[in-house]
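A.B. asks: How does the following fold in three dimensions:
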Amino acid sequence: MDTEGLKELVPHYVALMLLVFLVLTVVRATVGDIGFWLELAVVLVVVFVYRPVVVRLGVAPSGWE
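C.D. replies: Here you go, the predicted structure:
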């Protein structure tokens, strides 16, 4: 098991979780309750957009490049 690679990924997964909660909080504060399926869609968009943005910014872990 590559523990160094895992240690490199942990901050990104923590940041991703915090970003998901932040985006959902902002959406709920501005729009109100949007329902489960729309919240799931928001989560999926954040999750799939995170990696390309991090790679483009140049702060991605070596395993993602």
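
A.B. asks: What's the local residue count around residue 18?
C.D. replies: Counted by other C-beta atoms under 10 Å, the residues lying close to residue 18 total 10. Backbone N, C-alpha and C define where each C-beta goes, glycine included.

A.B. asks: who's in contact with the strand or helix carrying residue 56?
C.D. replies: Using DSSP states H and E, residue 56 maps to helix 36-57. For helix 36-57, contacts defined as C-beta atoms under 8 Å, 6 or more residues apart in numbering pick out 12, 16, 19-20, 23-24, 27, 34, 60, 64-65.

A.B. asks: Closest one to residue 6 out of these, please.
C.D. replies: Nearest to residue 6 out of those is residue 12 (C-beta to C-beta; 10.9 Å).

A.B. asks: tell me the SS of the closest one?
C.D. replies: Under the three-state scheme (DSSP: H, G, I helix; E, B strand; the rest coil), residue 12 adopts helix.

A.B. asks: what does the one 5 residues further on give?
C.D. replies: When states are read from three-state DSSP, the local structure at residue 17 comes out as helix.

A.B. asks: Kindly export stretch 53-65 (C-alpha atoms) in PDB.
C.D. replies: Output in PDB follows, covering the C-alpha atoms of stretch 53-65 (Å, rounded to 0.1, in the frame of the first residue of the first chain):
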ATOM      1  CA  VAL A  53      -9.900  22.500 -11.400                       C
ATOM      2  CA  VAL A  54      -7.300  21.300  -8.900                       C
ATOM      3  CA  VAL A  55      -5.200  19.800 -11.800                       C
ATOM      4  CA  ARG A  56      -5.500  23.100 -13.800                       C
ATOM      5  CA  LEU A  57      -4.400  25.100 -10.800                       C
ATOM      6  CA  GLY A  58      -1.400  22.900 -10.400                       C
ATOM      7  CA  VAL A  59      -2.000  21.800  -6.800                       C
ATOM      8  CA  ALA A  60      -3.200  18.300  -7.600                       C
ATOM      9  CA  PRO A  61      -1.500  15.300  -6.000                       C
ATOM     10  CA  SER A  62       0.900  13.400  -8.200                       C
ATOM     11  CA  GLY A  63      -1.500  10.500  -8.600                       C
ATOM     12  CA  TRP A  64      -4.100  12.700 -10.400                       C
ATOM     13  CA  GLU A  65      -1.800  14.200 -13.000                       C
END
